[in-house]
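Q: Any chance you can model this:
(2 chains)
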Amino acid sequence: MTTTPHYSLDDLIALTVNRVVEDSNTDTRIVVLTRADETETFMIWVGAPEGDSIRRALDSTLPSRPMSHDLIKNFGEHFGIKTQRVILTDVKSSTYYATVYLENKGVERMIDARPSDAIALALRTNAPIYTTHDVWKRRSGQHLDAWLTKLDTKNIGTQEV
Amino acid sequence: MLDSSILLRSLLHQLTESAVNFVMITQMHVKGLMFDPYNNAYIVVLRDEDQAEMLPIWVGKSEASAISLALENVAPPRPMTHDFMKSFLDAYNAKVISTVITDLNEHTYFAKVHLMYEDSEYAIDSRPSDAIALAIRSDAPIFASDSVIRKQSSEELEQWLENLKPEDFGKLDS
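A: Just a heads-up that it's a prediction; the model follows:
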């Protein structure tokens, strides 16, 4: 549990997950988030299993077996624990930090998470994803187009695997 | 007469089957993790107390790493997926009581996580890898139903083990 300060909605920027891009050379995935009111993007590098989990949620793919984030979602459904929102709260030396806000019978709890787990759960529970103005200013991804051009030429055809 | 005898036999059969499914479980311990170079996967080896039964469960790389981190008691700088799962349960005091490997069907194992939340017990479907990764982090026992142990022919594993070189074994299996 963290002691994250309370954020008002004015402090936050709503994000939507646009897509997950494969970086097969490093076995990582890039989660591309967009600001809801703009076309500007924000990229977060995540591990392959977490990235694939986010992609399955985006595609609404129902796996034949519950994967790790489906299991967390199922725990929440059984116990009535709601994922209220996810906030990407900080970035330090290229590592992003997230806080997941949970609610059960009026009791709110905050838990520390990697953005990948937070986003994978948010997409499965229809919880909104936010970041702060500070993190948004310090984000990576301003040169997304250049990045994607480089990646796409290498990875054409591999993204749907 | 004939009908009723068939009915009785079928009833008896069902009773025996359900008794086996519900009652007979054996506690298992994670004995080690091995790399399977032929399938490019990892094997979680479960053994019972008497070392009489062995259950090899093939898992992917990330699942193996989730189990290995917990076994070695390594606290990663950031919470990994199963640490996050544990925090999620801890936030509302939901306790993992046990996990049970319940079934084996066409080389796929099935498991359930048993939890206590408020005053009720829950049994939730899970992949064995998630169940084991969570059980170790929660100090909860791992069981296998005897039907799974019976279905798992250890011959296959033994044959496979003979082909392994010592360097294929991880340090946990020493």
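Q: what's the spatially most central residue of chain A in contact with, if anything?
A: Nearest to the mean C-alpha position of chain A, counting by CA atoms, centre = their mean, stands A:I119 at 2.9 Å. Contacts for A:I119 (CB atoms under 8 Å, 6 or more residues apart in numbering or on different chains) come out as A:V17, A:V31, A:I54, A:V86, A:A98, A:I129. Bear in mind the C-beta positions are built from the backbone N, C-alpha and C, glycine included.
Q: can we see that at 6 Å?
A: Neighbouring residues of A:I119 by CB atoms under 6 Å, 6 or more residues apart in numbering or on different chains: A:I54.
Q: isn't there a strand covering it?
A: No - secondary structure of A:I119 (DSSP: H, G, I helix; E, B strand; the rest coil): helix, not part of a strand.
Q: what kind of secondary structure is A:S60 in?
A: State at A:S60, reduced to three classes by three-state DSSP: coil.
Q: Just give the nearest non-adjacent residue to the residue nearest the centre of chain B, would you?
A: Central residue of chain B (CA atoms, centre = their mean): B:I101, 4.2 Å from the mean position. Excluding its sequence neighbours, the residue lying closest to B:I101 (CB to CB, 6 or more residues apart in numbering or on different chains) is B:A144, at 4.2 Å.
Q: Return the per-residue confidence for that neighbour.
A: Here the pLDDT value assigned to B:A144 is 95.
Q: Who are the contact partners of it?
A: Contacts of B:A144 (CB under 6 Å, 6+ apart): B:T26, B:M28, B:L55, B:I101.
Q: Name the spans of the chain whose pLDDT lies under the cut-off.
A: In the absence of a named chain, this looks at chain A. Within chain A, the segments meeting pLDDT under 70 span A:1-5, A:140-161.
Q: that's the other chain; I wanted chain B
A: B:1-23, B:153-174.
Q: What parts of it come near chain A?
A: B:62, B:78, B:81, B:84-85, B:87-88, B:91-92, B:94, B:117, B:122, B:124-127, B:130 (CB under 6 Å from any CB of the partner chain).
Q: do you know how far the residue nearest to B:I101 is from B:K151?
A: According to CB to CB, to the nearest Å, B:A144 and B:K151 sit 10 Å apart.
Q: In strands, which of the residues of chain B next to chain A fall?
A: Among those, DSSP state E puts B:Y117, B:Y122, B:I124, B:D125, B:S126 in strands.
Q: For the fourth one, list each beta-bridge partner.
A: This points to B:D125. Counting by DSSP bridges, B:D125 forms beta bridges with B:K112.
Q: That one - how many residues pack around it?
A: 16 (other CB atoms under 10 Å in any protein chain shown).
Q: do the first one as well
A: Here the neighbour count serves as a burial measure; for B:Y117 (other CB under 10 Å) it reads 18.
Q: in which helix or strand would I find A:W136?
A: helix A:133-137 (DSSP states H and E).
Q: on that earlier part again, by neighbour count, which of the contacts of B:A144 wins?
A: B:I101 (26 neighbours).
Q: The helix or strand that contains that one pairs with which strands?
A: Here B:I101 is covered by strand B:95-105, with elements defined by DSSP H and E. Each strand that pairs with strand B:95-105, with its direction, by DSSP bridges: strand B:108-117 (antiparallel), strand B:142-145 (parallel).
Q: buried sites along it?
A: B:V96, B:S98, B:T99, B:V100, B:I101, B:T102, B:L104 (16 or more other CB atoms under 10 Å in any protein chain shown).
Q: Please apply the same query to stretch A:9-20.
A: A:L12, A:I13, A:L15, A:V17, A:N18, A:V20.
Q: from the middle of its chain, how far away would that stretch be?
A: Distance of stretch A:9-20 from its chain centroid, counting by CA atoms, centre = their mean, to the nearest Å, is 9 Å.
Q: Kindly report the same for stretch A:38-49.
A: With CA atoms, centre = their mean, you get 8 Å for stretch A:38-49.
Q: swap in stretch A:54-64?
A: That offset, for stretch A:54-64, works out to 14 Å (CA atoms, centre = their mean).
Q: re the thing from before, pick out whichever of the contacts of B:A144 sits closest to A:F75.
A: B:I101 (19.0 Å; CB to CB).
Q: Give the bridge partners for that closest one, please.
A: B:A111, B:A144.
Q: Which residues are in contact with it?
A: Listed by CB under 6 Å, 6+ apart, the contact partners of B:I101 are B:Y109, B:A111, B:P128, B:A144, B:V148.
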